[in-house]
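J.: need a structure here:
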Amino acid sequence: MDALDLIGRTAVVYLTRAIGIEELGDGTQRFLLDRLTGAQVSAICREILRQPPLAEKIRLRIPREVGSPNGLPEETLTDERTTHWRHAACDRPVLLIANTDDDQGQSLRDVTPIGSSELLGEPDLWVTGVAEGLSLTDQQRGVFAKALKGLQDAKPVSLETFAAYVLKTREAIDEQGLPLINALGWAMPVLRIPRDSSYFEVIPEKFRTHAQRWKRLYQQGFNKRAAYLIKTTPTQQPIAPEQLREMWERVAAAVPPLHHPTIEAFIAAPGKWCAEAEALSALEWERDNVKALFDGLKARRESLGQKTLDFYEGALPDTLTMEEQEYLQRLDARKTKEANEEDEEFYERHRTEL
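T.: This is a model prediction of the structure:
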């Protein structure tokens, strides 16, 4: 199973439950796969077609440009605009259509939507979709759902990222043999947060069904630890390469030698999400002592005088007089937080440029 398969499985559980809310009568219930990608729409349709009892109740009418490139069978495709199917006759009790953009959104607002917000708003369905074959108790499934609710409340993530995180958690349970509480921390690199299998152990067992506890920890992961993977501090200040190299020289002996090449490659990499950052995220933050690289780092203070000189040299060369350049060089040496008369005069002369 991959992320698209899980999205398909979860959406079908959602749809099945929605259909069951009302008795199937003579009319047709109409549902709209709303602004999902073509691959996501097709994964949902394939999951429906794999379940003959369900497929017999649902008429699929998917725009050809959406379904054909993704391998949906001819009988599910339509050349009509999606709005055509709002009121068109249907020979089955359920009609499922798709809209991948906003162009027809207003005209389709009366059709029951199934989109990212609807699917992500039902974390228990994701647990149902992924837990087959896992020996999770009902209580553990409830904890899993609350953890996913906390993640959603902490920071919106894309449908496929969310699905990938759920699947990675399953992998940690099924293949790594980890308990659920540890698997959720092991899977965090999918969210671009460093791996920490013990991260959620701080939640007392009696509070693990409280989504707020999970939300707080996910927020800390996103706001603090994730920043280091793109070489910024939690306050969004850039971390200079020389700072990392200096810190690494001090702490390298405390990190298992096996991981030295990964950390050294990260230090040499650009300050953005990249292969080197991803590789670092897969190391254990605590157990492999990756955190030692960042402990004690302080954001490098920006030099106001030098930054101003750099601005003029790059954007407005030959603008400053020699006296003004000397003033800016003196400004950094003063290390003051209050302006004097010379500062105010310089600013008034150049306020428009600045």
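J.: Closest to the centroid, which residue in this structure?
T.: By C-alpha atoms, centre = their mean, the chain has its centre lying nearest to Val157, at 3.7 Å.
J.: what does the helix or strand encompassing Gln139 rub up against?
T.: Counting by DSSP states H and E, the element that carries Gln139 is helix 138-154. For helix 138-154, the external contacting residues (C-beta atoms under 8 Å, 6 or more residues apart in numbering) are 120-121, 123-124, 126-128, 131, 136, 157, 162, 165-166, 169, 180-181, 184, 191, 200, 208-219, 222. In this view, the C-beta of every residue, glycine as well, is placed from N, C-alpha and C.
J.: 6 Å instead, please
T.: Applying C-beta atoms under 6 Å, 6 or more residues apart in numbering, the contact partners of helix 138-154 are 120, 123-124, 127, 180, 184, 208-209, 211, 214-215, 218-219.
J.: need those residues in CSV with neighbour count, distance to Gly20 and pLDDT, can you?
T.: Listed next are those as CSV, based on neighbours: other C-beta atoms under 10 Å; distance: C-beta to C-beta, whole Å; pLDDT from 0 to 100:
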residue, neighbour count, distance to Gly20, pLDDT
Leu120, 21, 21, 95
Pro123, 22, 19, 95
Asp124, 15, 15, 94
Val127, 24, 19, 95
Leu180, 20, 29, 97
Leu184, 28, 30, 98
Arg208, 20, 30, 96
Thr209, 15, 26, 95
Ala211, 19, 26, 96
Trp214, 25, 29, 97
Lys215, 19, 31, 96
Tyr218, 25, 32, 97
Gln219, 15, 36, 96
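J.: In a markdown table, list those residues along with secondary structure and distance to Gln51.
T.: Compiled in a markdown table, the contacts of helix 138-154 are given as follows (DSSP: H, G, I helix; E, B strand; the rest coil; distance: C-beta to C-beta, whole Å):
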| residue | secondary structure | distance to Gln51 |
| --- | --- | --- |
| Leu120 | helix | 23 |
| Pro123 | helix | 23 |
| Asp124 | helix | 20 |
| Val127 | helix | 20 |
| Leu180 | helix | 28 |
| Leu184 | helix | 30 |
| Arg208 | coil | 33 |
| Thr209 | coil | 31 |
| Ala211 | helix | 31 |
| Trp214 | helix | 32 |
| Lys215 | helix | 35 |
| Tyr218 | helix | 34 |
| Gln219 | helix | 38 |
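J.: The helix holding Gln139: which residues count as buried?
T.: If you call a residue buried by 16 or more other C-beta atoms under 10 Å, then helix 138-154 has these buried ones: 140-141, 143-152, 154.
J.: now swap in stretch 212-227 and tell me
T.: Buried positions in stretch 212-227, judged by neighbour count with 16+ other C-beta under 10 Å: 213-215, 217-218, 221-222, 225-227.
J.: so how far is that stretch off the chain centroid?
T.: Relative to its chain's centre, stretch 212-227 lies at 12 Å (C-alpha atoms, centre = their mean, to the nearest Å).
J.: From the rest of the structure, what touches it?
T.: With C-beta under 6 Å, 6+ apart as the criterion, stretch 212-227 contacts 147, 150-151, 153-155, 192-194, 203, 207, 234.
J.: tell me the two of the residues you listed that are most distant?
T.: Spanning the widest gap among those are Arg192 and Phe207, at 26.2 Å by C-beta to C-beta.
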